[in-house]
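Student: The following block contains a protein sequence and its predicted model.
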Amino acid sequence: MSPYPRRDSLPGEPCSPADDPRGVPRVEPQVLDFRYGPRGKPELAPRFGRAGLQFNASHSEGVGLYAVTAWRRVGVDIERVRPMPDLEAIAERRFSLHEQGELRRLAPGL
């Protein structure tokens, strides 16, 4: 048994505002619809727009990170730290001169 209170629903539009003492409507999870934005980021379908729920997720090698906000866009990203022997070559091709200098300052010996 989980020590956390059970939460069967998320804020959404289809239910009555009286469902929550704060006036936040609730909807069953299986009713949620998702779509992908122009850059491929998943988001709640437009019919849930009044709820203001924003979220983002990232995962890397068995570790996940989730962020949920109300009325604010959010973005998260995680990656495994790994050696990058070609970092200098990548920086020379993709970074501005200023960014290359900052990288060298942060990673002496590069």
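Tutor: Here it is on my side, so go on.

Student: When you work out contacts or count neighbours from here on, use the C-alpha atoms and nothing else.
Tutor: Fine.

Student: in the chain, which spans are helices?
Tutor: With DSSP state H as the criterion, the chain has helices at 87-94, 97-106.

Student: Tabulate these in JSON lines, adding columns for distance to Leu65, mean neighbour count and mean pLDDT.
Tutor: Shown next, in JSON lines, are those (distance: least, Cα to Cα, whole Å; neighbours: other Cα atoms under 10 Å; pLDDT from 0 to 100):
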{"stretch": "helix 87-94", "distance to Leu65": "26", "mean neighbour count": "12", "mean pLDDT": "93"}
{"stretch": "helix 97-106", "distance to Leu65": "26", "mean neighbour count": "12", "mean pLDDT": "93"}
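
Student: With distance to Pro38 added, can I get those in CSV?
Tutor: Below are these laid out as CSV (distance: least, Cα to Cα, whole Å):
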stretch, distance to Pro38
helix 87-94, 24
helix 97-106, 28
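
Student: out of those, nearest to Trp71?
Tutor: Across the helices of the chain, Trp71 has its closest neighbour in helix 97-106 (32.8 Å, Cα to Cα).

Student: Distance from the chain centre to that closest one, please.
Tutor: Mean-position distance between helix 97-106 and its chain equals 28 Å (Cα atoms, centre = their mean, to the nearest Å).
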